[in-house]
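[1] Mind folding the following:
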Amino acid sequence: MENKKNNTIKKNRNKTQKLSIENLQSIKDSQQVLDMYIEEIDENLNMIGKVGKNIKAIIPRGEASSVVGDDGMVEEKFILNKKGKVLPVCIKEIIKNEDSVELIMSKKILELKVRKWMYMHLKPGVKLRGIVVGLKDYAAFVDVGGGVTGILKLQDMSESMLNNASDMFKLGQRIEVIVKKYDRDTGRIELTYKELLGTFEDNVKDLKEGDIVEGVVRNRLKSGVFVEIKPNVVGIAEHVNGIETNQKVLVSIRKINIEKKKIKLIIIG
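    Numbers count the residues shown, from 1 in each chain. All right, here's what the predicted structure looks like:
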C-alpha cells in the first residue's frame, strides 16, 4: 500500500501529458490528473493558464480548493501564491468552440479524490512521499498528494533540539514521511520524519570515545550546547564563546552512554 496513492497520481499524469482534443473527454471521465501552468490570476481570483502546450484552462475560485473559509469561499491564501506555478488538477468541464477548446479545471476534484483514498487507506505507519510547502518555527507543512497537506511538528523531525523547521527542511524539498495520526472526521494528518533517520543505537555503532567528528550546533541552553553529530544523534558539550546555532563545529567524543542514549562532547574547533 506504501505510496500507492502517489504512484497512481503520477502514473495517470504521465499518461496524459501528450494531449489531444479527441482524448480530453476520456481524461475528464476517468478523472486523470493533468499539470496546469498558472499564468495569471484575475480580479475574481480565478486562475488562468494552460494545459499541455496551448490549451487554455481556467480554475474558477470555487474549484481552487476543497477547503473554504467561514464565508463558504476558497480563501485568497490558497490562490494568490499560485501564479507561475504548475498545479496538478482534473478537468471539470470542456468548452468546445469552433476552432479551439477551453478547459474548466478543478483542484477541488483532485483533493476530494485524494481525501477519499486517504479515508479508506490512511493509518499510522503508512509511508508517503511529499513536498514541503510551508515552514513555520514550530512545524513544516507537507503536501502528501493532490494538495492535501499534513503537519510535521518540530519534535517529530529529529531527536535534535531544533529551533526552527527551516533548520531541517527547505521549501519545495521532496521528502518521505510517515503518518503519525490521521483523524477521519476532520481530515487532519500528523506526520513524522525522525523514524526514517535510524535509531540512536544503529547510528552510533561506528562511533567510539575519543573520536573527532564534525557536527552542527542545534541549540544552546543553560545546561550546555547541543550538537548533532549524526541523524538522530545529539550530544551535549560545555558552552564555548562565539558558537552560534546551525554553526558547524569539530567535537571530540568524551563519553557514549548507549542505555541512556546520551553523548558527552568537547567542542575543539
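[2] When you work out contacts or count neighbours from here on, use the C-alpha atoms and nothing else.
    OK.
[3] what ranges do the helices span in the stretch 151-269 of the chain?
    Using DSSP state H, counting those that start in this stretch, the helices of the stretch 151-269 of the chain run over 200-203.
[4] now the strands for it?
    Assigned by DSSP state E, counting those that start in this stretch, the stretch 151-269 of the chain shows strands spanning 174-182, 189-192, 212-221, 224-230, 233-237, 248-257, 262-267.
[5] Check the stretch 1-150 of the chain too.
    For the stretch 1-150 of the chain, strands defined by DSSP E, counting those that start in this stretch occupy the ranges 34-41, 47-51, 55-59, 86-96, 101-106, 127-135, 139-143, 149-153.
[6] Thought residue 152 was touching residue 190, still the case?
    Yes - counting by Cα atoms under 8 Å, residue 190 touches residue 152, with 6.2 Å between them.
[7] Which of those two has more residues huddled nearby?
    residue 152 (25 against 21; other Cα atoms under 10 Å).
[8] so what's residue 79 up against?
    The contact partners of residue 79, by Cα atoms under 8 Å, 6 or more residues apart in numbering, come to 45, 47, 61, 64.
[9] Taking these, tell me the two that lie furthest apart.
    Using Cα to Cα, these span at most 9.2 Å, a distance reached by 45 and 64.
[10] Which one's more surrounded, those two?
    Taking residue 45 and residue 64 together and counting by other Cα under 10 Å, residue 64 has the greater number of neighbours (27 against 19).
[11] got the contact list for that one?
    Here residue 64 is in contact with 74, 78-79, 106-108 (criterion: Cα under 8 Å, 6+ apart).
[12] okay, and for the protein, where does confidence drop off?
    In the predicted model, the chain carries pLDDT under 70 at residues 1-19, 21.
[13] May I have the phi/psi pair for the residue of the chain positioned farthest from its centre?
    In terms of distance from the mean C-alpha position of the chain, residue 98 ranks first, at 42.3 Å (Cα atoms, centre = their mean). Recorded main-chain torsions at residue 98 are phi -60, psi -40, according to degrees, to the nearest 10.
[14] who touches stretch 159-174?
    The set of residues external to stretch 159-174 that reach it, using Cα under 8 Å, 6+ apart, is 129-140, 154-155, 157, 194, 218-219, 226-228, 232-234, 246.
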